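1. let me see the structure of the following:
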Amino acid sequence: MSVLLIAGSPSAPSRSTALLEAVAERLAGRNAQIERLAIRDLPAEALLLADWNHPSIERAIAQVAHARVVVVATPVYKAAYSGVLKVFLDLLAQNALKGKTVLPLATGGSPHHMLALDYALRPVLHALSARHILPGVYATDSQITLTPENAYQVHADLAERLNEAVEVLATEGLKLPATHGFEPVPFSRVRCSV
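-> Numbering: from 1, shown residues only. Predicted coordinates:
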């Protein structure tokens with residue numbers, strides 16, 4: 001079961017990529033094959049000229065096609081997702097996300113841009129025929145801080161929201177059993193009295 005993590009940040013390292021890595025950590029050991037696609041690593045000229053025949057672009061589009069679940073992370077600039085991500089999404093066929101479950105993630109300087117997930121990114125994912133777009137996770141810069149070792153650290157409140165999002169992603173997108181809660185009870189074992 002393939003999960004594609006799409007990093008839509010033009011810079012590296014980035015807070016939005018740190019969100020993707022936090023998702024990857026939470027999916028580790030859950031029988032999911034994780035692939036990564038950093039759009040900033042694709043050739044700029046091929047992206048901007050929509051060169052579908054460029055080998056890197058072909059590989060990236062094929063990664064999207066073969067994934068069962070797609071996790072998209074982007075920084076928010078001027079109340080919208082990144083231009084790098086926009087250019088890539090424009091290259092995808094109109095049904096590129098058909099039958100796929102998508103988890104959108106975003107980071108921004110303040111909570112004021114939180115609705116960019118719902119009003120900017122979600123409509124584009126829907127236009128690409130995503131079967132199921134999960135509730136997104138938005139994080140502010142203060143929730144993902146840089147450590148002295150130049151690594152990003154996800155704070156506890158955000159970590160809990162990511163745990164919940166990954167649990168939904170695993171159960172609804174990958175059809176994996178839940179890791180918490182009650183064990184499912186087969187109907188044949190249900191007893192009731194009237």
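
2. centre-most residue in this protein?
-> Residue closest to the average C-alpha location in the chain (C-alpha atoms, centre = their mean): residue 71, at 1.9 Å.

3. assumed that one was part of a strand.
-> Yes: the assignment for residue 71 (DSSP: H, G, I helix; E, B strand; the rest coil) places it in a strand.

4. so where's this protein uncertain?
-> Counting by pLDDT under 70, the chain has low-confidence residues at 1, 176-194.

5. just the helices in it please.
-> In chain order, the chain shows helices spanning 15-27, 44-48, 55-66, 83-91, 116, 122-127, 156-168, with DSSP state H as the criterion.

6. tell me the buried residues in the third one?
-> It stands for helix 55-66. 57, 60, 61, 63, 64 (16 or more other C-beta atoms under 10 Å). Every residue, glycine included, has its C-beta placed from N, CA and C.

7. re the thing from before, residues contacting the residue nearest to the centre of the chain?
-> Residue 71 makes contact with 3, 4, 5, 6, 20, 23, 102, 103, 104, 105, 169 under the criterion C-beta atoms under 8 Å, 6 or more residues apart in numbering.

8. from those residues, which is closest to residue 156?
-> Within the set of the contacts of residue 71, residue 23 lies nearest residue 156; the separation is 16.4 Å, counting by C-beta to C-beta.

9. wait, what's in contact with the residue nearest to residue 4 when sequence neighbours are not counted?
-> Beyond its immediate neighbours in the sequence, the residue positioned closest to residue 4 (C-beta to C-beta, 6 or more residues apart in numbering) is residue 67, lying 3.6 Å away. For residue 67, the contacting residues are 2, 3, 4, 35, 100, by C-beta under 8 Å, 6+ apart.

10. surely the first one meets residue 33?
-> Meaning residue 2. Yes: A contact is recorded between residue 2 and residue 33 when judged using C-beta atoms under 8 Å, the distance being 4.9 Å.

11. who has more neighbours out of the two?
-> Neighbour count, other C-beta atoms under 10 Å: between residue 2 and residue 33, residue 2 has more, with 15 against 12.
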